[in-house]
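Student: Following is a predicted model, sequence given first.
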Amino acid sequence: MKLNIPTMLTWLRILLIPIFVGAFYWPENLHKLSAMPSHSVNIFVTAVFAIASFTDWLDGYLARRWHQTSAFGAFLDPVADKLMVAAALIVLVEFGRVGAIVSLIIIGREIAVSALREWMAGDGEGGSMAVAMIGKVKTSVQMLAILFLLYWDNIHLGSMGTFQTQIVGHRLIEIAAFLTLLSMAYYLKVAWPKIKVK
C-alpha cells in the first residue's frame with residue numbers, strides 16, 4: 001500500500017470517527033446517556049464532522065490533481081464515507097435527533113449500493129456504476145442535514161430572528177432519505193440488465 005497525502009486524508013477521516021462519537025460519551029456524560037449533550041459538545045462534534053466531511057472532498061481533489069489515484073484509495077474512500085455517516089446517524093438516533101427508519105433507509109441503501117457496485121465490478125461492469133449526479137446531490141443534502149442535527153442548538157441571528165437547526169436538519173434528512181431511495185432506484189435500473197441475465 002503506497003501512502004500518499006490523499007490516502008492519509010482518508011485515514012484521517014476514519015480516525016476522526018471515534019473522536020466525534022466518543023465526545024458524546026465522555027466520562028462526565030456516562031451517567032446520563034439519554035440526556036441532551038451540552039452546547040459545547042454539540043459544537044465540538046459538529047466541527048469534527050465538518051472537518052471529516054471536508055477531507056472527503058479534499059482527498060479526491062488532490063488525488064486527481066496530483067495523479068495519485070490508486071485502487072486502494074478508490075476502495076478506502078467510500079468505506080470511510082459510509083462509516084462516518086453510519087456512525088453519525090446511529091449516535092443521532094440514540095439521542096433522539098433523527099428517526100430510526102430514516103437512518104435505516106440511508107444506511108441500508110449505502111450497504112446495498114456498495115454490494116451492487118462490488119458485484120458489477122466483479123463482472124467487469126464497474127464503470128457503469130459510477131457515482132451519478134443524484135448520488136452527489138443526496139450526499140450533499142445528507143451531510144448538511146447531519147451537521148445541523150449534530151449542532152442541534154438554535155442559532156440566534158439578532159434582529160433577523162432564530163435559525164432553527166433542528167427543524168431544518170429534520171427536513172433535510174427527510175429529503176436526503178427520499179433522494180437515497182431515488183438514487184438506489186437509479187443504480188438498480190442501471191444494473192437491471194445484468195441482474196436479469198443472472
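Tutor: Cool, the structure landed.

Student: Can you name the next helix or strand after the worst-scoring helix or strand of the chain on mean pLDDT?
Tutor: Ranked by mean pLDDT, DSSP states H and E, the weakest helix or strand in the chain is strand 155-156, scoring a mean of 73. Sequence order places strand 162-163 as the next helix or strand after strand 155-156, per DSSP states H and E.

Student: chain center to that following strand: distance?
Tutor: The chain centre lies 25 Å from the centre of strand 162-163; the measure is C-alpha atoms, centre = their mean, to the nearest Å.

Student: Give the next helix or strand downstream of it.
Tutor: Following strand 162-163 in sequence, per DSSP H and E, is helix 165-197.

Student: buried stuff in that next one?
Tutor: Buried residues in helix 165-197, defined by neighbour count with 16 or more other C-beta atoms under 10 Å: 165, 169-170, 172-177, 179-180, 183-184, 187, 190-191. Using the backbone N, CA and C atoms, a C-beta is placed for each residue, glycine as well.

Student: So which elements touch it?
Tutor: If you count contacts as 3 or more C-beta pairs under 8 Å, 6 or more residues apart in numbering; DSSP states H and E, helix 165-197 packs onto helix 100-122, helix 133-151.

Student: and residue 60, which of those helices is closest to it?
Tutor: Closest to residue 60 of the helices and strands packed on helix 165-197, according to C-beta to C-beta: helix 133-151, at 11.4 Å.

Student: tell me the angle of the closest one relative to helix 100-122?
Tutor: 140 degrees (axes from the mean of the first three to the mean of the last three C-alpha atoms, to 10 degrees).
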